[in-house]
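K.L.:
What shape does this take:
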Amino acid sequence: RFDRLAAGAWQITASKGGYVTWQFGQRRPFQPPQPISLVRGQQFTADIPLTRGGAISGRIYNGAGDSASGVQVRVYRARMEQGARRLKTVGLADLTDDTGGFRVYGLPPGDYYVAASLRVAPIDSIVETTYAPTYFPGTGDLAEAQRIKLGLGGEATATFPLLRVRPTRISGVVLGGS
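P.N.:
Below is the predicted model:
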């Protein structure tokens, strides 16, 4: 209950760990709802049902088939933005454990990409320096990445190898406009 709210436009969000975060008036995940317009002294009731989110879990291993621990795993969804397809992070990133295992949960229904990258900055650092990502099922090229479709409260598995990153030297000449 919220008392003595000022007149104006409001949004109400409900969230709980492991469940899909939802805003009042939202028709589908990731879609912005219309704001609730209140006048002075108006009362309003909002019921927001929460549903258990989906999860993607799996294992990351190296080229020799050994578990890769401390690998950062992120889940993305593709979205058109300014005429180009861009990946947006969904959910919280996870780090693989000593068995190479990970689990990202609380995901709304949809199509997702999973990427793993070796983090070289310390865990508690604000810098998120990582090597280039490897996308499920084991490619460095997003065009070859496999989408994972999750239903409401669904579970999916993504087990794949982390690509080795080879050091590369780039050289060239920078030319001006003239």
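
K.L.:
Grab the most central residue of this protein for me.
P.N.:
Val90 (2.2 Å; C-alpha atoms, centre = their mean).

K.L.:
Would you quantify the distance from it to Asp124?
P.N.:
Going from Val90 to Asp124 by C-beta to C-beta, to the nearest Å gives 23 Å. Glycine gets a C-beta too; all of them are placed from N, C-alpha and C.

K.L.:
Excluding chain neighbours, what is closest to Thr96?
P.N.:
Val71 (4.4 Å; C-beta to C-beta, 6 or more residues apart in numbering).

K.L.:
Can you give me the end-to-end span of stretch 161-171?
P.N.:
30 Å (C-alpha to C-alpha, to the nearest Å).

K.L.:
likewise stretch 149-158?
P.N.:
Start-to-end, stretch 149-158 (C-alpha to C-alpha) is 11 Å.

K.L.:
now what about that stretch, what contacts it?
P.N.:
Defining contact as C-beta atoms under 8 Å, 6 or more residues apart in numbering, one finds that stretch 149-158 is touched by 51-58, 107-112, 114, 136-137, 148.

K.L.:
Strands - which of those land there?
P.N.:
Gly54, Ala55, Ile56, Ser57, Gly58, Leu107, Gly110, Asp111, Tyr112, Val114, Ile148 (DSSP state E).

K.L.:
could you dump those to JSON lines with distance to Asp98, neighbour count and pLDDT?
P.N.:
Shown next, in JSON lines, are the ones in strands among the contacts of stretch 149-158 (distance: C-beta to C-beta, whole Å; neighbours: other C-beta atoms under 10 Å; pLDDT from 0 to 100):
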{"residue": "Gly54", "distance to Asp98": "25", "neighbour count": "25", "pLDDT": "94"}
{"residue": "Ala55", "distance to Asp98": "20", "neighbour count": "19", "pLDDT": "95"}
{"residue": "Ile56", "distance to Asp98": "20", "neighbour count": "25", "pLDDT": "97"}
{"residue": "Ser57", "distance to Asp98": "15", "neighbour count": "17", "pLDDT": "97"}
{"residue": "Gly58", "distance to Asp98": "15", "neighbour count": "21", "pLDDT": "97"}
{"residue": "Leu107", "distance to Asp98": "24", "neighbour count": "23", "pLDDT": "93"}
{"residue": "Gly110", "distance to Asp98": "31", "neighbour count": "17", "pLDDT": "92"}
{"residue": "Asp111", "distance to Asp98": "31", "neighbour count": "10", "pLDDT": "95"}
{"residue": "Tyr112", "distance to Asp98": "25", "neighbour count": "23", "pLDDT": "96"}
{"residue": "Val114", "distance to Asp98": "20", "neighbour count": "28", "pLDDT": "97"}
{"residue": "Ile148", "distance to Asp98": "24", "neighbour count": "21", "pLDDT": "97"}
